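> Pasting the sequence and the predicted model now:
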Amino acid sequence: MPVFRIHRHVFVFLFISGMLLVSSCNRNFFRFFSSDTRYQLTTETQLLDTTHSREIDKFYDSGEEGTFEGKRNISIYYKKFEHPDTEKAIVISSGRTEAAIKYKEVIYDLYRNGYSVYIHDHRGQGQSGRMTDDPQMGYVKAFQAYIDDMKMFYNDHVAPRNYDHTYLLAHSMGGAIGMTYLEQFPEDFDAAAFSSPMLGLKAPICSAAKVLVGEKPKYAVGQTAYKEDSLSFKNNALTGSKVRYDRMIAAYAEVPEARLGGATYRWLRESCKQFQYLYDHIDQIETPFILFSAENESIVAPYAHQKFITAAKDAGKKCVAYEVEGAEHELLIEQDEQRTQTLNATLDFYKRYD
């Protein structure tokens, strides 16, 4: 009997400890139980229809485009879609390698749901100016330049419209930019949504970047220029939606100058420094935000999402987080179920702060 009691107690202890560990890792994250569409959102079936697909492309082409001079005289490209019947706007902060052309479907859907939409290509990528002799290199001299460009875009193109409500939608690297923006300019947005935000990178990337950065821009180990022959859907780790993946590749084929290759050590070092900045200034966030973390994330560090949300909640910030089941990194171009869940929750969240 004593032996049995000891074993039973050990079993109970281990079981309870395991349950506490699981709950602590996910205690600040919810999961979706429905993917019913509550808004006008394009489906994969519609994307396969040539008429609907062309309608999205035509709408994107109708947006007003332009450039402005960012920090250090870098040309920053932008598109804006100003809705005639709304007093609400969404500013999109895109991820590394991305360009406005990738967001055609997202912009189309947001506009149909009653929002003006603004987006700019971050410096060094898309149709904005490059800063290296090799235009394929993912490079930035100082991460703060991304935020400075975004503030100029906001001040010159969004703020003059005096919208009743303005929201932020940020993805991946754009999440690190967007979260920093909330810390530095807490009064500009009424609410923000973060899709797979880059709040950390997998070890030992940051340690290596500190040692290997060097004076001249250089691709990080394993990184290369943009390669068309490595873009098969089968081998991608971004999305489970073939039609949306194919549309993304086709968009870059139409505007090849918007393509970007791998990251440099300098970009990695600047990004890794920014993660610490985000934690050091978390108290300055006043904007309510919602964060989405993909269950099958392989691009950014998902544990960083848990760490940041925990820190934000401990600091008394208004925030909520979801783990999107079955999703990969690209939540905004994922399969219908995961994309619908993400956009439903995003638009619901914005409405809470109308």
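All right, it came through fine.
> excluding its backbone neighbours, what's nearest residue 333?
In space, and not counting its chain neighbours, residue 333 is closest to residue 244: 4.0 Å by CB to CB, 6 or more residues apart in numbering. Using the backbone N, CA and C atoms, a C-beta is placed for each residue, glycine as well.
> How much space separates that neighbour from residue 174?
Per CB to CB, to the nearest Å, residue 244 is found 18 Å from residue 174.
> Give me the more crowded residue out of these two.
Just comparing residue 244 and residue 174: by other CB atoms under 10 Å the higher neighbour count belongs to residue 174, 27 against 23.
> can you confirm the more buried one is in a helix?
Yes - according to DSSP: H, G, I helix; E, B strand; the rest coil, residue 174 belongs to a helix.
> how about the strands in the stretch 251-354 of the chain?
289-294, 319-324 (DSSP state E, counting those that start in this stretch).
> before we move on, what about the stretch 51-200 of the chain?
Per DSSP E, counting those that start in this stretch, the stretch 51-200 of the chain carries strands over the ranges 64-69, 75-81, 88-93, 116-120, 165-171, 191-195.
> Output these in a markdown table, with distance to residue 268, mean neighbour count and mean pLDDT appended to each entry.
Converted to a markdown table, the strands of the stretch 51-200 of the chain look like this (distance: least, CB to CB, whole Å; neighbours: other CB atoms under 10 Å; pLDDT from 0 to 100):
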| stretch | distance to residue 268 | mean neighbour count | mean pLDDT |
| --- | --- | --- | --- |
| strand 64-69 | 27 | 13 | 98 |
| strand 75-81 | 22 | 21 | 98 |
| strand 88-93 | 19 | 25 | 98 |
| strand 116-120 | 23 | 25 | 98 |
| strand 165-171 | 19 | 25 | 98 |
| strand 191-195 | 21 | 27 | 98 |
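> could I get the ones you listed as TSV with distance to residue 294?
Converted to TSV, those look like this (distance: least, CB to CB, whole Å):
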stretch	distance to residue 294
strand 64-69	31
strand 75-81	26
strand 88-93	18
strand 116-120	22
strand 165-171	11
strand 191-195	9
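> quick one, which of the ones you listed is nearest to residue 154?
Closest to residue 154 of the strands of the stretch 51-200 of the chain, according to CB to CB: strand 88-93, at 6.6 Å.
> Within its sheet, name the partner strands of that closest one and how each one runs.
According to DSSP bridges, strand 88-93 forms sheet pairs with strand 116-120 (parallel), strand 165-171 (parallel).
> Could you export that strand as CSV, CA atoms only?
Taking C-alpha atoms only, strand 88-93 is exported to CSV below (Å, rounded to 0.1, in the frame of the first residue of the first chain):
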residue,chain,number,x,y,z
LYS,A,88,-13.2,54.8,-40.8
ALA,A,89,-9.8,53.9,-42.2
ILE,A,90,-7.3,51.0,-41.9
VAL,A,91,-3.6,51.4,-42.3
ILE,A,92,-1.7,48.2,-43.3
SER,A,93,1.9,47.6,-42.2
